[in-house]
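Colleague: below are the sequence and a predicted model; questions follow.
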Amino acid sequence: MNIGLVLSGGGVRGIAHIGALRALKEIDVTPSHVAGTSAGAIIGALYAAGIAWEEILDFIKTVELFSLKKYAMGKPGFVDTEKFYDRFKELLPNDNFEALKKPLYITATNMLTGNLNVFNQGELIRPILASAAFPGVFAPVKIEDGYYSDGGILNNFPSDLIKEQCDQLIGVYVNPFEKLKIADLKHSYTIMERAYKIRMSKDSLEKFQDCDVVISPKDLTNYSTFSLKDIDSIFHLGYKASLTVLKKWKQDKKKPIHEAELEAMNGFPLTTSTKNTSM
């Protein structure tokens with residue numbers, strides 16, 4: 001049976017994906033295909049390369065996302081995304097999709113044409129960096145004739161890329177959407193982040209129906225897209241939430257979980273139907 005793993009974007013909240021990998025390891029479920037966007041592309045690529053969750057977590061903690069050494073000079077962003085290339089090359093020395101141990105599909109948005117591009121062959125690292133290049137913060141990445149930014153602009157939950165190849169899908173969504181008050185929108189960057197989340201949420205939620213299991217911890221709303229001070233808390237939140245949902249799914253012989261049960265376990269209304277069959 002082919003089991004697909006879908007990992008959404010979400011900035012630093014994407015560290016919850018690593019917690020999901022730990023939970024999958026503990027219940028002895030090994031996805032065969034991976035699709036990811038933005039933070040999900042980074043975590044998904046390292047997982048598809050066969051790297052253990054412990055090493056992935058250490059990598060994220062030491063990658064120095066906002067170091068002044070990575071300041072973008074003459075590029076449209078605060079951070080030069082391509083300056084992360086050498087650090088990724090340490091873990092992905094072959095820099096090629098074909099060298100991965102699992103099929104991987106990641107998305108990035110071509111800022112020149114406005115089109116979404118799906119990468120699943122050829123060079124690996126630059127597409128990963130492009131997929132995670134949040135607009136306005138990380139500079140776009142040039143790949144051949146394209147100039148690419150965050151895949152979440154157009155597809156933040158890429159279940160559609162692998163659903164036809166898989167018998168079952170596990171989705172991890174780290175952008176739970178909640179209502180805000182005016183007082184919550186204090187800064188220009190919070191407005192930018194909010195607009196981005198509104199755009200991506202509608203399309204993403206509609207695709208939850210592709211999945212047999214959706215993990216979307218409510219308490220992730222307490223953490224910022226870019227703050228690095230809560231890495232361990234986000235990781236443990238992702239782990240605990242994933243373990244709860246995945247244990248239930250496995251105990252019920254991997255049958256799809258009803259929407260109401262998923263909402264109760266995630267502690268958050270998913271606002272759309274998941275794949276629904278009789279248990």
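Modeller: Thanks, I have it.
Colleague: test my guess that G171 contacts I3.
Modeller: No. No contact is recorded between G171 and I3 when judged using C-beta atoms under 8 Å, the distance being 11.5 Å. Any C-beta I mention is one placed from the backbone N, CA and C, and that applies to glycine too.
Colleague: quick one, which of those two is more surrounded?
Modeller: G171 (25 against 19; other C-beta atoms under 10 Å).
Colleague: doesn't that one lie inside a helix?
Modeller: No. Remark: G171 does not belong to a helix; assigned using DSSP: H, G, I helix; E, B strand; the rest coil, it is strand.
Colleague: neighbours of the residue nearest to it when sequence neighbours are not counted, how many?
Modeller: Leaving aside its chain neighbours, G171 sits nearest to C211 (4.0 Å; criterion: C-beta to C-beta, 6 or more residues apart in numbering). Neighbour count of C211, defined by other C-beta under 10 Å: 24.
Colleague: doesn't V6 make contact with C211?
Modeller: Yes. In this structure, C211 is within contact of V6 by C-beta under 8 Å, at 6.8 Å.
Colleague: can you give me the strands for the stretch 101-250 of the chain?
Modeller: Shown for the stretch 101-250 of the chain, the strands assigned by DSSP state E, counting those that start in this stretch span residues 104-110, 116-119, 141-143, 146-150, 168-172, 213-215.
Colleague: got a markdown table for the ones you listed, with mean pLDDT and distance to D160 too?
Modeller: Below are the strands of the stretch 101-250 of the chain laid out as a markdown table (pLDDT from 0 to 100; distance: least, C-beta to C-beta, whole Å):
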| stretch | mean pLDDT | distance to D160 |
| --- | --- | --- |
| strand 104-110 | 98 | 10 |
| strand 116-119 | 98 | 10 |
| strand 141-143 | 97 | 22 |
| strand 146-150 | 97 | 17 |
| strand 168-172 | 97 | 10 |
| strand 213-215 | 95 | 15 |
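Colleague: possible to save the ones you listed as JSON lines with distance to F134?
Modeller: Listed next are the strands of the stretch 101-250 of the chain as JSON lines, based on distance: least, C-beta to C-beta, whole Å:
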{"stretch": "strand 104-110", "distance to F134": "11"}
{"stretch": "strand 116-119", "distance to F134": "16"}
{"stretch": "strand 141-143", "distance to F134": "12"}
{"stretch": "strand 146-150", "distance to F134": "5"}
{"stretch": "strand 168-172", "distance to F134": "19"}
{"stretch": "strand 213-215", "distance to F134": "22"}
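Colleague: of those, which is nearest A45?
Modeller: Among the strands of the stretch 101-250 of the chain, the nearest to A45 by C-beta to C-beta is strand 104-110 (5.9 Å).
Colleague: CA atoms of that closest one as PDB?
Modeller: Included here for strand 104-110 are C-alpha records, laid out as PDB according to Å, rounded to 0.1, in the frame of the first residue of the first chain:
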ATOM      1  CA  LEU A 104       9.100  13.900  -3.900                       C
ATOM      2  CA  TYR A 105       7.000  16.700  -5.300                       C
ATOM      3  CA  ILE A 106       7.400  20.300  -4.300                       C
ATOM      4  CA  THR A 107       5.900  23.600  -5.500                       C
ATOM      5  CA  ALA A 108       7.300  27.000  -6.300                       C
ATOM      6  CA  THR A 109       5.700  30.100  -7.900                       C
ATOM      7  CA  ASN A 110       7.300  31.700 -10.900                       C
END
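Colleague: got the angle for it vs strand 146-150?
Modeller: Put simply, strand 104-110 runs at 110 degrees to strand 146-150, going by axes from the mean of the first three to the mean of the last three C-alpha atoms, to 10 degrees.
Colleague: strand partners of strand 104-110, parallel vs antiparallel please.
Modeller: The pairing partners recorded for strand 104-110 under DSSP bridges are strand 33-37 (parallel), strand 116-119 (antiparallel), strand 146-150 (antiparallel).
Colleague: tell me the most buried of those strands?
Modeller: Mean neighbours per residue, mean count of other C-beta atoms under 10 Å, is largest over the strands paired with strand 104-110 for strand 33-37, with a mean of 29.
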